[in-house]
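Participant: Sequence first, then the predicted structure:
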Amino acid sequence: MEQKLIIVGAGGHAKVVLDVVLANNLQVLGFLDDRATVAPDPRCQLLGTVEILEDLLDSHPDSQVLIAIGDNRVRRHIDQDLLRGIRVAPAVAHPFGSISASVQLGTGTVLMPGVVVNTGARVGRHVILNTCCSVDHDCTIGDYAHISPGAHLAGNVSIGEGCHVGTGASVIPGVSIGEWAVIGAGAVVTTDIPPRCVAVGVPARVVKTIES
C-alpha cells in the first residue's frame, strides 16, 4: 500500500515542501492549518485544522505526517505536543541535490532543491535544509534547526537544536553554534557562538541574548 502524506502547515514554506514531496512522486492527502482558509497551492487541498489530524490518521492508516512550518519553535511544539506517537514521515529530499549515502537524516527533515550534504553528516529531526545550502563532511545539526538558502557549513561544524543560520551565512570548519542561537544573514562565523543569542556581521559577533 502506497503511503500518503499529510502536510501540517499551509503557508509559503508549505508550498515549497509540497514541491519537494511531489518531485519524489509521493502522494499527498492535503494540508492542515489552524489559520489558513484556502490551500496555498492548487495541486493539494486544505483539509481543515490540526485538530482533525488523529481522525485523518485513523481513516488513512497508510498515511504519515510532515510538518511544513518555517518557525523552529512551532515545529518543536507540534512535534513534542501534538505528534506524540503519531507516524512522522521520513526525511524527504528534492532530487535536484547531492546527499552522500553515509548521511544520517532524522524523520520529518526536508531538503530543498540544490542542497548538498557531504559524507558523515548527521542531521536531526524536523530540520529544514533550505534552497542551495551546503553541509560539509561530519557536520552535526540538531533537531528543529533551519539552515537558510545559500548558507554554507564547512566541515565538522556543530549546530545546536533549534538554531537558525540566516541566508548566505558561512561557518568555518570546527565551529559550534549553541542551541536556539540565530546567525544573521550574510554573517561569517569564525568562533563558537553560545546558546540562545543573536550573532551578526563579518566576523560574526554576539549582539544580544534570547530569552528562553
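Facilitator: Everything's here; your move. Numbering: from 1, shown residues only.
Participant: Identify each buried residue in the longest helix along the chain, please.
Facilitator: Identified as the longest helix of the chain according to DSSP state H is helix 12-23. Residues of helix 12-23 classed as buried by neighbour count (16 or more other C-beta atoms under 10 Å): 13-18, 20-21. For every residue, glycine as well, the C-beta is placed using N, CA and C.
Participant: repeat for stretch 101-120
Facilitator: Applying 16+ other C-beta under 10 Å to stretch 101-120 flags 103, 105-118, 120 as buried.
Participant: so for that stretch, what's the average pLDDT?
Facilitator: Mean per-residue pLDDT for stretch 101-120: 98.
Participant: Which strands or helices does the helix or strand of the chain with the lowest mean pLDDT pack on?
Facilitator: Within the chain, no helix or strand scores below helix 53-59, which has a mean of 88 by mean pLDDT, DSSP states H and E. Judged by 3 or more C-beta pairs under 8 Å, 6 or more residues apart in numbering; DSSP states H and E, helix 53-59 is in contact with strand 4-8, strand 27-32, strand 63-67.
Participant: got a list of contacts for that helix?
Facilitator: The contact list for helix 53-59 (C-beta atoms under 8 Å, 6 or more residues apart in numbering) reads 6, 8, 29, 32, 47, 63, 65, 82, 86-87.
Participant: Using neighbour counts, trim those to the buried set.
Facilitator: 6, 8, 29, 32, 47, 63, 65.
Participant: Relative to Thr191, which of the residues you listed is nearest.
Facilitator: The nearest member of these to Thr191, counting by C-beta to C-beta, is Val8 at 36.7 Å.
Participant: how much space is there between the closest one and Gly150?
Facilitator: As judged by C-beta to C-beta, to the nearest Å, Val8 and Gly150 stand 26 Å apart.
Participant: which residue packs closest to Ile52, ignoring adjacent ones?
Facilitator: Leu32 (7.0 Å; C-beta to C-beta, 6 or more residues apart in numbering).
Participant: The one you found reaches Ala14, doesn't it?
Facilitator: No. When contacts are counted by C-beta atoms under 8 Å, Leu32 is not listed as touching Ala14 (9.8 Å).
Participant: Return every residue with contacts to both of the two.
Facilitator: Contacts common to Leu32 and Ala14, judged by C-beta under 8 Å, 6+ apart, are Ile7.
Participant: Quickly list the domain ranges of the chain.
Facilitator: 4-82, 92-201 (automatic domain parsing).
Participant: for the shortest one, how far is the first residue from the last?
Facilitator: By that I understand domain 4-82. 19 Å (C-alpha to C-alpha, to the nearest Å).
Participant: residue ranges with poor pLDDT in this protein?
Facilitator: Where the chain drops to pLDDT under 70, the residues are 1-3, 85.
Participant: At the geometric centre of it, which residue sits there?
Facilitator: Residue closest to the average C-alpha location in the chain (C-alpha atoms, centre = their mean): Ile128, at 1.8 Å.
Participant: Tell me the spacing between that residue and Glu51.
Facilitator: Ile128 is 25 Å from Glu51, by C-beta to C-beta.
Participant: repeat for Val38
Facilitator: 19 Å.
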